[in-house]
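Q: What follows is a predicted structure for the sequence shown.
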Amino acid sequence: MITEPRGEPAYHWLFGDQLGPHFLTGAGTGTGGTGGSRSRAGGKIVMIESRSVFRRRRFHRAKAHLVLSAMRHRAAELGDRVRYIRAGSYREGLARATGGASVTVHHPTSHAALRFVRSLEQVTVLPARGFLVSAGQFADWTGAGPDGPGPGRVRMEDFYRRVRRELRLLMDGDEPAGGRWNLDSDNREPPPRQDSLPVPRPYLPREDAVDEEVRRDLDRWEADGEVSFAGRDGPRLFPATRAEALRALRRFTEKRLGSFGPWEDAVLSDDWAMSHSLLSPALNLGLLDPAECVTAAEDAYRAGKVPLNSAEGFVRQIAGWREYMWHLYWSLGDEYRHSNALGHHRPLPGWFAELDAGAVTARCLATALTGVRDRAWTHHIPRLMILGNWALQRGWDPLAVTDWFHRSFADGYDWVMLPNVIGMSQYADGGRITTKPYLCGGSYINRMSDLCGDCAYRPDRRTGERACPVTAGYWYFLERNRPLLEGNPRVARSLHGLDRLTDLPEVVRQEEARGDAAP
């Protein structure tokens, strides 16, 4: 429930993922003409750097660096307009900053944060910002109610088409540009036979004195035993300011978007960025508004600078999938995080939790885990079809897997990872978001990457010393979960394949013996 402030509020509170100018203006909810009631963010600005956030969970060091750098940069930009409080907790910081005076805040991005701000009598919650579609619109479109989406809810493809129609995105009159809504079939090319894509490098920011201060503070907190981090904190890779974010967007749309589409799902071991935008951390910090991202992509297409399949693929990621995940997060409710339809309860092994890529022989998994360890980022195929696929095959607890993705990725937030991991990656909701488990063997990875060529394992072998653990794990998963999946027509062909495997008992014994050891 959104409430309206009584009178002019004394303070407006910015969370660390509400750092763009659209969190301070008085425009309506949403962007691109999708707004609802006007929000009244007035008074002095408050920002709270809460140490308890890092004490509660073991975040990636580079992610902690990015968030603190972005917050401190924003405070420096706001100058005398902001009271920037460093405190042990949000409650303590808010008391110190406001003395109990009235406060407004835009709808936070997690269930826990929303419960907290609603528990504070002095705080008025304003509509959410940073998304294209309002909560009311989503509920109207899908039949969502207080108990979650009702029978009228739409799949992502239907939702995406509705958003494009409503916002006039890539539309020619009443029809989609080019005559097709979905150009995924044009965007599944395997990578070229070279070490990297023939595209200009992505925008990379330069660190400054704020970053140096953040790194010193993180070093001190770790040395004092206050907090513990995972991963490496190398030079900052993602924007921490609005100006950096705009430069990154411009670099992508002018130099890299044109080649994004065809190789959207491809992986090269020596090209971590490929043609991806790398804008998700900036978007999820609130430094960019999604409307300006999709508008920039459409403008590039209309000007003849990029092909339609690349523009549509990028627009689909933001106006389709990102929006859909945000609204599902809220409509499915907080209990959704405990979904576990497959009954997976195994804990994450230490090598995975600690990002120990050196312990892994399988080149696909080692490469993906190295990306997380060194950059707190990989693109969506390593996330879904390598890291998530392995966790699903091994039967790891889906909530623990979700928490790992949340803590380990620079763009990871509860609203992002809960539906993406619980629903899509781990199929823990039994099909409420996707119609089948996202599962693959080594043949898919071999087709879409260069990772199998120099690997110690062979993607076409299920048993023996050189058996691919991903291929063997694929069949092991299907055999283990056959009773739960037999009624799903989208996996019927794979399940029938089990009956043709003469070595299935050996595969099962092999994989049970492997357990959760690093493959």
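A: Happy to help now that I have it.

Q: going forward, measure contacts between C-alpha atoms and count neighbours the same way
A: Will do.

Q: quick one: residue 156 from residue 136, how far?
A: 17 Å (Cα to Cα, to the nearest Å).

Q: ok, now residue 162?
A: The separation that residue 162 has from residue 136, given Cα to Cα, amounts to 14 Å.

Q: now the helices: where do they sit in the stretch 401-519 of the chain?
A: For the stretch 401-519 of the chain, the helices defined by DSSP state H, counting those that start in this stretch occupy 414-417, 442-448, 469-480, 482-485, 492-498, 504-514.

Q: which one of those lies closest to residue 295?
A: Of all the helices of the stretch 401-519 of the chain, it is helix 414-417 that lies closest to residue 295, at 22.3 Å by Cα to Cα.

Q: can you pull the contacts of residue 195?
A: By Cα atoms under 8 Å, 6 or more residues apart in numbering, the contact list for residue 195 reads 268-271.

Q: Next, residue 244: secondary structure please.
A: Under DSSP: H, G, I helix; E, B strand; the rest coil, residue 244 falls in the helix class.

Q: Which of residue 156 and residue 136 has more residues huddled nearby?
A: Between residue 156 and residue 136, counted using other Cα atoms under 10 Å, residue 156 has the larger neighbour count: 17 against 11.

Q: Which one (most neighbours) among the contacts of residue 195?
A: residue 268 (21 neighbours).

Q: Look up phi and psi at that residue.
A: phi -120, psi 130 (degrees, to the nearest 10).

Q: cool, residue 50 as well?
A: Torsion angles, degrees, to the nearest 10, at residue 50: phi -100, psi 120.

Q: To what extent is it buried, counted in neighbours?
A: 18.

Q: Tell me who's in contact with it.
A: 86-90, 93.

Q: repeat that for 10 Å
A: Going by Cα atoms under 10 Å, 6 or more residues apart in numbering, residue 50 touches 16, 85-93.

Q: any idea of the pLDDT on residue 186?
A: In this model, residue 186 is scored at 86, pLDDT.

Q: residue contacts, it?
A: Contact analysis of residue 186 by Cα under 10 Å, 6+ apart lists 261-264, 308-310, 313.

Q: Let's have the residues you listed in CSV, adding secondary structure and pLDDT.
A: Formatted as CSV, the contacts of residue 186 follow (DSSP: H, G, I helix; E, B strand; the rest coil; pLDDT from 0 to 100):
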residue, secondary structure, pLDDT
261, coil, 93
262, coil, 93
263, coil, 94
264, coil, 94
308, helix, 96
309, helix, 95
310, helix, 96
313, helix, 96
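
Q: elements contacting the helix or strand where residue 159 lies?
A: Using DSSP states H and E, residue 159 sits in helix 156-167. Under the contact definition 3 or more Cα pairs under 10 Å, 6 or more residues apart in numbering; DSSP states H and E, helix 156-167 sits against helix 135-142, strand 175-176, helix 323-332.

Q: So what touches that helix?
A: With Cα under 10 Å, 6+ apart, helix 156-167 has contacts from 31-34, 132-133, 138, 141-142, 153-154, 168-171, 173-176, 181-182, 291, 315-321, 323-325, 433-434.

Q: out of the contacts of residue 186, who's nearest residue 204?
A: The nearest one, if we look at these relative to residue 204 and count by Cα to Cα, is residue 264, at 20.3 Å.

Q: so who does the residue lying closest to that closest one once chain neighbours are set aside touch?
A: Of all residues not flanking residue 264 in the chain, residue 187 sits nearest, at 6.0 Å (Cα to Cα, 6 or more residues apart in numbering). Shown in contact with residue 187 (Cα under 10 Å, 6+ apart): 259-266, 309-310, 312-313.

Q: Reformat the residues you listed as JSON lines; add distance to residue 105 and neighbour count.
A: Shown next, in JSON lines, are the contacts of residue 187 (distance: Cα to Cα, whole Å; neighbours: other Cα atoms under 10 Å):
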{"residue": "259", "distance to residue 105": "39", "neighbour count": "21"}
{"residue": "260", "distance to residue 105": "36", "neighbour count": "24"}
{"residue": "261", "distance to residue 105": "38", "neighbour count": "26"}
{"residue": "262", "distance to residue 105": "41", "neighbour count": "21"}
{"residue": "263", "distance to residue 105": "40", "neighbour count": "21"}
{"residue": "264", "distance to residue 105": "37", "neighbour count": "24"}
{"residue": "265", "distance to residue 105": "38", "neighbour count": "22"}
{"residue": "266", "distance to residue 105": "40", "neighbour count": "23"}
{"residue": "309", "distance to residue 105": "38", "neighbour count": "22"}
{"residue": "310", "distance to residue 105": "36", "neighbour count": "25"}
{"residue": "312", "distance to residue 105": "34", "neighbour count": "26"}
{"residue": "313", "distance to residue 105": "33", "neighbour count": "22"}
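
Q: Restrict stretch 447-461 to CA atoms and write it as CSV.
A: What follows is stretch 447-461 as a C-alpha-only set of coordinates in CSV (Å, rounded to 0.1, in the frame of the first residue of the first chain):
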residue,chain,number,x,y,z
ARG,A,447,27.7,-25.8,-29.5
MET,A,448,27.5,-22.3,-28.0
SER,A,449,31.0,-21.8,-26.7
ASP,A,450,34.7,-22.6,-27.2
LEU,A,451,35.0,-24.1,-23.7
CYS,A,452,34.9,-27.8,-24.5
GLY,A,453,37.8,-27.9,-26.9
ASP,A,454,40.6,-27.8,-24.4
CYS,A,455,38.7,-29.4,-21.5
ALA,A,456,39.9,-32.6,-19.8
TYR,A,457,36.4,-34.0,-20.4
ARG,A,458,34.5,-34.8,-23.6
PRO,A,459,30.9,-33.5,-24.0
ASP,A,460,29.7,-36.7,-25.7
ARG,A,461,30.9,-39.1,-23.0
